[in-house]
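Novice: everything below, folded, please.
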Amino acid sequence: EELLNVSLSTSKFFPALRSDYNLSDIILVYRANSSSSQSSCSERITYLSLRCDHLFDDDNLNSTIKYELQTPNECVTGTCDGCTFHFLLRTPSACPTCDENKNGYRAFLGPCKFGRQEVRKIPYPYCSHSLTEKVETHPCSILSLEIKIIIGLFIIIASALTAIVIMCWRKNRK
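Specialist: Below is the predicted model of the structure:
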């Protein structure tokens, strides 16, 4: 056997579930020459799709099984023609490796209160490393951008009106 190709996509034989987080499958394509005279195939192609399934990594499951091998619904034995085989391996080992600095967290910004803003970072559930939830506090402006613009416009208009009043007062003073 030889490895022909490695790609990231979603197999048409194994539709994504809601719990799959729209992650691409890792598809390994193997080719083996058929040496059997009984086979009508000159070669056999095997598509092994690896899909992230963090549910098998759950400690609440009192099971030693950390993967599940599936075949297409149309071809229960894994092949419909005897030459091309399709398998889906659902395992937490296919989940992306996330770290704290790059892509491991979703950030949720809280409101700005008294010049401080809470940023709650929640790890993605499909990450293969166990990251913990973090709460960071950052300084922020008490006034929003809209309020700053309104105050700036008010100061400009008030200055212009004051200048006009002073000019009119000087002209009419005589």
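Novice: give me the low-pLDDT residue ranges for the protein?
Specialist: Per-residue confidence for the chain (pLDDT under 70) gives these ranges: 1, 10, 18-20, 34-39, 56-65, 102, 128-129, 174.
Novice: quick check, distance from stretch 2-22 to the centre of its chain.
Specialist: Relative to its parent chain, stretch 2-22 has a centroid offset of 16 Å by C-alpha atoms, centre = their mean, to the nearest Å.
Novice: measure that stretch end to end?
Specialist: Separation of the first and last residues of stretch 2-22 by C-alpha to C-alpha, to the nearest Å is 29 Å.
Novice: for stretch 126-134, same thing?
Specialist: 17 Å.
Novice: and the contacts of that stretch?
Specialist: Applying C-beta atoms under 8 Å, 6 or more residues apart in numbering, the contact partners of stretch 126-134 are 21, 23, 52, 54, 57, 92-93, 95-100, 104-105, 120-123. All C-beta spots, glycine's among them, are computed from the backbone N, C-alpha and C.
Novice: ditto for stretch 98-116
Specialist: Under the criterion C-beta under 8 Å, 6+ apart, residues 96, 117-124, 127-129, 131, 134, 137-142, 144 lie in contact with stretch 98-116.
Novice: tell me which of the residues you listed fall in helices.
Specialist: Judged by DSSP state H, those include no members of helices.
Novice: pull out the buried members of the residues you listed.
Specialist: Taking 16 or more other C-beta atoms under 10 Å as the criterion, what is buried in these is 117, 121, 123, 124, 127, 140.
Novice: farthest-separated two in those residues?
Specialist: Spatial extent of the buried ones among the contacts of stretch 98-116 (C-beta to C-beta) is set by the pair 127 and 140 at 28.2 Å.
Novice: what about residue 2, neighbour count?
Specialist: Under the neighbour criterion other C-beta atoms under 10 Å, residue 2 is assigned a count of 8.
Novice: who does it bridge with?
Specialist: Each beta-bridge partner of residue 2 is listed here, defined by DSSP bridges: residue 31.
Novice: before we move on, back to that, any of the contacts of stretch 126-134 buried? List them.
Specialist: With burial judged by 16+ other C-beta under 10 Å, the buried subset of these is 23, 52, 54, 57, 92, 95, 98, 104, 105, 121, 123.
Novice: surely the third one meets residue 92?
Specialist: Read it as residue 54. Yes. Under the criterion of C-beta atoms under 8 Å, residue 54 lies in contact with residue 92, with a separation of 5.5 Å.
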